[in-house]
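Asks: any chance you can model this:
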Amino acid sequence: MKHFKTISEYCEGISIPQPRHPHFDIRSFEENMPVVISEMPPFRHEFYAIAIKADGDGKAITGHHTDFPKGTTIFFNSPFQIISWDIVPNWKGYYIMFSQDFVAQSGLFSNLLQNFPFLKIDKAIPFEIDESDLPDILGTYQKIWTEYHSDSDDKFDLIEAYTFLLLNYTKRYFLQQVDEEQAEQAIRTSDLKLLTRYQTMIQTSFYENTKLETFANLHSPSYYAQKLNVHPNHLNAVVKSITGLTALNHIHRHLLQLSKSYLAQTELSVKEISYALYFESPSSFSSFFKKNTGSTPLNYREQVIL
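Replies: Numbers count the residues shown, from 1 in each chain. Have a look, this model is predicted:
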């Protein structure tokens with residue numbers, strides 16, 4: 001199965017032109033249709049995506065949600081979900097994609113999954129919206145598209161704001177169209193529930209006000225497995241079977257996102273960040289960061305430009 005780590009790799013993989021920014025992209029389906037691969041076998045990518053299909057035939061399959069609505073549809077992709085599609089090249093609408101780096105560098109998205117739970121891997125349920133709601137959604141996408149293609153120095157300030165607005169519109173329509181019972185029914189297996197509990201536990205464990213046991217090791221999958229009352233090997237097998245990443249990979253990814261957020265959005269020193277993230281020492285934090293990004297924490301802070 002193909003696995004696209006960057007938006008550029010994804011664009012090349014589905015045969016569309018390269019994005020204008022490494023961590024954010026917006027396209028209209030109309031501009032993609034002449035060149036995109038119309039029947040895409042299962043693959044994974046590492047980004048969030050939100051799309052509105054205003055018209056068109058065929059369907060996209062995200063994770064275990066095989067029932068794709070025929071009308072005006074909003075649908076999502078979360079990082080590491082299995083995705084495929086078989087579409088007729090007559091789709092109309094838009095989609096945005098943004099990476100973990102985009103999330104990390106924005107103060108608006110610091111609690112992305114808590115504020116917008118429909119982006120969680122088990123809740124990414126495609127749903128129809130009323131035709132009367134379409135102008136607000138399309139208008140927001142069009143504003144993002146216009147800014148994205150402008151030469152304004154502050155365009156990403158507005159793109160962040162419009163994306164935040166889009167997420168809130170989507171949240172409103174999601175809650176109107178997908179009731180809690182339907183959402184729960186969509187979680188077909190206990191494995192998905194375990195994955196979601198594991199991902200949520202990783203996130204909440206690093207909250208500043210979270211009370212932890214003495215000697216709690218937040219960097220170890222065994223710690224979370226014990227809290228979830230499962231064997232570490234079982235947790236790792238379940239997580240890897242759904243996402244393609246190990247349980248430890250998920251912890252490292254979250255640590256990396258938090259690290260980038262602290263470096264991009266605060267003036268905390270490397271020493272303060274290392275202890276806030278429960279590293280044994282500033283040097284172990286720096287080694288971890290450089291191993292996963294190729295850059296030291298201070299160099300990353302200097303180079304962050306959205």
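Asks: residues making contact with the longest helix anywhere in the chain?
Replies: Determined from DSSP state H, the single longest helix within the chain is helix 155-177. For helix 155-177, contacts defined as C-beta atoms under 8 Å, 6 or more residues apart in numbering pick out 21, 24, 50, 74, 96, 98, 106, 108-109, 115-116, 118, 125, 127-129, 133, 136-137, 140-141, 143-144, 147-148, 152, 306. Backbone N, C-alpha and C define where each C-beta goes, glycine included.
Asks: please convert the buried members of these into ChimeraX selection syntax.
Replies: A single ChimeraX command selects the buried members of the contacts of helix 155-177 (16 or more other C-beta atoms under 10 Å):
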select :21,24,50,74,96,98,106,109,116,118,125,127,128,129,133,137,140,141,143,144,147,148
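Asks: just the contacts of helix 155-177: which are in strands?
Replies: 24, 50, 74, 96, 98, 127-128 (DSSP state E).
Asks: tell me the one of those nearest residue 283?
Replies: Nearest to residue 283 among those is residue 98, at 32.0 Å by C-beta to C-beta.
Asks: quick check: the closest one touching residue 48?
Replies: Yes: under the criterion of C-beta atoms under 8 Å, residue 98 makes contact with residue 48 at 5.5 Å.
Asks: residue 259 reaches residue 289, doesn't it?
Replies: Yes: between residue 259 and residue 289 there is a contact at 5.7 Å, judged by C-beta under 8 Å.
Asks: give me the common contacts of the two.
Replies: Counting by C-beta under 8 Å, 6+ apart, the contacts common to residue 259 and residue 289 are residue 297.
Asks: run a quick neighbour tally on residue 117.
Replies: Look at residue 117: counted by other C-beta atoms under 10 Å, it has 17 neighbours.
Asks: now it: how far from residue 200?
Replies: Look at residue 117 and residue 200: by C-beta to C-beta, to the nearest Å, they are 10 Å apart.
Asks: tell me where this structure has helices.
Replies: Counting by DSSP H, the chain has helices at residues 7-13, 29-32, 100-104, 112-115, 134-148, 155-177, 180-186, 190-205, 221-227, 232-243, 247-265, 270-276, 282-293, 297-303.
Asks: deepest of those, which one?
Replies: Most buried of the helices of the chain by mean neighbour count (mean count of other C-beta atoms under 10 Å) is helix 100-104; its value is a mean of 21.
Asks: what sits closest to residue 223 if chain neighbours are left out?
Replies: Among residues not flanking residue 223 along the chain, residue 217 sits closest, at 4.8 Å (C-beta to C-beta, 6 or more residues apart in numbering).
Asks: same deal with residue 114?
Replies: The shortest distance from residue 114 to any non-neighbouring residue, by C-beta to C-beta, 6+ apart, is to residue 203 (7.5 Å).
Asks: just residue 285 next, same as before
Replies: residue 274 (3.4 Å).
Asks: ok, the one you found touching residue 282?
Replies: Yes: assessed by C-beta under 8 Å, residue 274 is found in contact with residue 282 at 4.4 Å.
Asks: residue 192 reaches residue 242, doesn't it?
Replies: Yes: counting by C-beta under 8 Å, residue 242 is a contact partner of residue 192 at 6.9 Å.
Asks: pLDDT below threshold where in the chain?
Replies: Along the chain, segments meeting pLDDT under 70 span 61-67, 121-123, 179-190, 305-306.
Asks: what residue lies at the spatial centre of it?
Replies: Central residue of the chain (C-alpha atoms, centre = their mean): residue 48, 3.3 Å from the mean position.
Asks: and that one, what is it in contact with?
Replies: Residues in contact with residue 48 (C-beta under 8 Å, 6+ apart) are 76-79, 97-99, 103, 112, 119.
Asks: next up, the contacts around the residue of the chain most remote from its centre.
Replies: Among residues of the chain, the one most distant from the C-alpha centroid is residue 214; the distance is 32.0 Å, by C-alpha atoms, centre = their mean. Shown in contact with residue 214 (C-beta under 8 Å, 6+ apart): no residues.
Asks: phi, psi for it please.
Replies: Geometry field for residue 214 lists phi and psi as phi -60, psi 140, criterion degrees, to the nearest 10.
Asks: which ones are touching residue 239?
Replies: The contact partners of residue 239, by C-beta under 8 Å, 6+ apart, come to 194-195, 198, 245-247, 250.
Asks: distance of it relative to residue 212?
Replies: Separation of residue 239 from residue 212 (C-beta to C-beta) stands at 22 Å.
Asks: roughly how far does the nearest residue to residue 137 once chain neighbours are set aside sit from residue 74?
Replies: Closest residue to residue 137 in three dimensions, ignoring its sequence neighbours and counting by C-beta to C-beta, 6+ apart: residue 52, at 5.3 Å. Counting by C-beta to C-beta, the gap from residue 52 to residue 74 is 5 Å.
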